[in-house]
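[1] Sequence first, predicted model second:
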Amino acid sequence: MAQQLKLLPFTKSNQFKSKRVLPISHDKIKPVHLLCPRTFTCTTATCTPRSLIQLSRDRDIPRTKLIVGTTTHNDVPVLTGKCPTCDTHYTADHERFLDSNDNNTWKRLYTNNALYLKVGRNIWVDRSFSKALLNGMFSFHASSLAYAQFWNNSFGITNNAITLRHVWQTFVQESIRTVAAASSHSLELLDNLPISDVAEKAFDILGQNGTIHAAIPHSCSECTHPYKATVDINPPIPPVDGMDIDEDPPSADIKMVVLDGIVMGPTVSLNIIILYIYIYVITYG
């Protein structure tokens, strides 16, 4: 086969030819990424299923930046499908449709099985990036700014840097889809809501009155401890006059309460800074 295709670097008389096969270039054979809906037919229950049409003309198709894992791809086309019957728009991460009760109101369905998420005006990420961000912030208790600095220092450069807003948008988008999928729910909100309103509305719908159902049967030594009237090491602090404190200790275990707040980054000791300055002076004079 190699002889028929003339790919051998030697002739029939075993003479070396100057022309030889060059090594394979992975940059030239890498796939072309497209951000498109996962369905090619309309999935609206009240609509007759038919194929979608492209919403924009070829020359008007927007191009964006896509982060797949730790690799950034530029000029990725974003395709939007449209049902010509019910006028529902389908994108890679959501569906946009008219409210059945109000034909002038557009609503958005956040698809749980989306492979990519839009987290900025000109940036998309895949679910491996969003899941890693969510796990990193939960595991290391990192703030949005700390994770953005970590990613930029590890994988990003000047043109591929992400900001605090990208991290927070990714955190919210991945969180609502994870919770919605776990509860077998499809989140529908008004279209084009600010991210703060999206988080608030999602909590009202998926929050179950502030109760995390996945944690109801859970109890371990890390988050549940028996009640103690006094601490083991420090002496008890006397109650302040005027404070309404129950005198009878509760009989049940004291469970951990998760508060929604800002996670502050670690502080840097002044001694460490002085040590760095001392090492620099000794090394470089």
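    Perfect, I can see it now.

[2] what are the phi and psi values for T44?
    Here is the backbone geometry of T44 (degrees, to the nearest 10): phi -70, psi 130.

[3] number of nearby residues for N192?
    N192 has 9 neighbouring residues, counting by other Cβ atoms under 10 Å. (Glycine included, C-beta is placed from N, CA and C.)

[4] That one - that's part of a strand, no?
    No - N192: not assigned to a strand; according to DSSP: H, G, I helix; E, B strand; the rest coil it is coil.

[5] residues contacting it?
    W106, R108 (Cβ atoms under 8 Å, 6 or more residues apart in numbering).

[6] Distance of it relative to C86?
    19 Å (Cβ to Cβ, to the nearest Å).

[7] Then L189?
    19 Å.

[8] residues of stretch 130-145 that come out buried?
    S130, A132, L133, L134, G136, M137, A142, S143, S144, L145 (16 or more other Cβ atoms under 10 Å).

[9] quick revisit: so which of L189 and C86 has more stuff around it?
    L189 (17 against 14).

[10] in this structure, which spans are strands?
    53-54, 63-68, 71-77, 81-82, 89-90, 94-98, 106-110, 116-120, 123-126, 187-190, 224-225, 254-255 (DSSP state E).

[11] In CSV: those strands, plus mean pLDDT and distance to I176.
    Below are these laid out as CSV (pLDDT from 0 to 100; distance: least, Cβ to Cβ, whole Å):
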stretch, mean pLDDT, distance to I176
strand 53-54, 92, 28
strand 63-68, 93, 19
strand 71-77, 91, 24
strand 81-82, 93, 23
strand 89-90, 94, 19
strand 94-98, 92, 11
strand 106-110, 93, 6
strand 116-120, 93, 10
strand 123-126, 94, 15
strand 187-190, 90, 6
strand 224-225, 67, 28
strand 254-255, 53, 25
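
[12] elements contacting the longest helix along the chain?
    What stands out as the longest helix in the chain, according to DSSP state H, is helix 164-182. Judged by 3 or more Cβ pairs under 8 Å, 6 or more residues apart in numbering; DSSP states H and E, helix 164-182 is in contact with strand 106-110, strand 116-120, helix 127-140, helix 144-154, strand 187-190, helix 195-206.

[13] what angle sits between it and helix 127-140?
    Counting by axes from the mean of the first three to the mean of the last three Cα atoms, to 10 degrees, helix 164-182 points 100 degrees away from the direction of helix 127-140.

[14] quick check: mean pLDDT across helix 164-182?
    Across helix 164-182, pLDDT averages out at 90.

[15] How far does it sit from its chain's centre?
    Using Cα atoms, centre = their mean, to the nearest Å, the mean C-alpha position of helix 164-182 is found 5 Å from that of the whole chain.

[16] Could you tell me how far Y147 is located from N101?
    40 Å.

[17] Pick out whichever of those two has more residues nearby.
    Using other Cβ under 10 Å, the more surrounded residue of Y147 and N101 is Y147, with 23 against 6.

[18] Need the pLDDT of the more buried one.
    90.

[19] Isn't it up against L134?
    No - using Cβ atoms under 8 Å, Y147 makes no contact with L134, being 9.9 Å away.

[20] Okay, the closest residue to Q169 other than its chain neighbours and D102: tell me how far apart.
    Among residues not flanking Q169 along the chain, V119 sits closest, at 4.1 Å (Cβ to Cβ, 6 or more residues apart in numbering). Using Cβ to Cβ, we find V119 at a distance of 29 Å from D102.

[21] The two: which is more packed in?
    V119 (26 against 9).

[22] Mind checking the pLDDT average for stretch 10-22?
    Here the average pLDDT along stretch 10-22 is 67.

[23] quick one, which of the strands of the chain is nearest to V172?
    Proximity to V172 (Cβ to Cβ) singles out strand 116-120 among these, at 9.0 Å.

[24] Go through that closest one and flag the buried ones.
    Y116, L117, K118, V119.

[25] cool, stretch 197-204 as well?
    In stretch 197-204, counting by 16+ other Cβ under 10 Å, buried: V198, A199, K201, A202.
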